[in-house]
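A.B. asks: Provided below are the primary sequence and the corresponding predicted coordinates.
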Amino acid sequence: MSGLFIQLGGIQLYEVPATGPEIRTGQDAVDLMSAASEKRAAWIAIPVERLPDDFFELRTRIAGEIAQKFAMYGSKVAIVGDISRKLAMSHSLAAFVAEANRGQSLWFVESYEELQDRFNALRSE
């Protein structure tokens, strides 16, 4: 899987390209972790464009399966992009995102600038 390795806020990040096949299974998550390990990236950034619409419908369990796979292997992941419309339509999704964003391993951010701010905050703790 092709992607970019960049430094963002002092963190080695594997940036998944915005175009390509949807990320929808636990195996897709494993493939991303494998690619990220090539240069020992501390975080993986996944653009929302790479996630299927049903990822954001928690009843499908796609988000849970993928999040669980990342957690099981200790990978840190940022979902990058605007999901405000999806959040407005689902209280359970809003609760899931809020809970994830309180943690230290799965974040939903609107932009790479917001992700950098969160990384900078981590470094200053």
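C.D. replies: Alright, I've got the coordinates.

A.B. asks: Please look at Glu15 and Leu4 and confirm they touch.
C.D. replies: Yes - Glu15 is within contact range of Leu4, at 4.4 Å (criterion: Cβ atoms under 8 Å). Backbone N, C-alpha and C define where each C-beta goes, glycine included.

A.B. asks: Compare those two and say which is more crowded by neighbours.
C.D. replies: A count of neighbours by other Cβ atoms under 10 Å puts Glu15 above the other of Glu15 and Leu4, at 20 against 11.

A.B. asks: ok, so what distance separates the more buried one from Gln104?
C.D. replies: Distance, Glu15 to Gln104, by Cβ to Cβ, to the nearest Å: 19 Å.

A.B. asks: now Tyr73
C.D. replies: Distance of Tyr73 to Gln104, given as Cβ to Cβ: 15 Å.

A.B. asks: Show me which of those two is the more surrounded one.
C.D. replies: Taking other Cβ under 10 Å, Tyr73 and Gln104 do not tie; Tyr73 has more neighbours (12 against 9).

A.B. asks: for the closest residue to the more buried one other than its chain neighbours, helix, strand, or coil?
C.D. replies: Excluding the flanking residues, the one nearest Tyr73 by Cβ to Cβ, 6 or more residues apart in numbering is Met33, at 5.6 Å. Of the three states, Met33 takes helix according to DSSP: H, G, I helix; E, B strand; the rest coil.

A.B. asks: so who does Met33 touch?
C.D. replies: Met33 is in contact with Ile44, Phe70, Tyr73, Ser75, counting by Cβ atoms under 8 Å, 6 or more residues apart in numbering.

A.B. asks: do the same with Ile62
C.D. replies: Neighbour list for Ile62: Arg24, Thr25, Pro52, Asp54, Phe55 [criterion: Cβ under 8 Å, 6+ apart].

A.B. asks: With the flanking residues excluded, which residue is spatially nearest to the third one?
C.D. replies: In space, and not counting its chain neighbours, Pro52 is closest to Glu22: 4.6 Å by Cβ to Cβ, 6+ apart.
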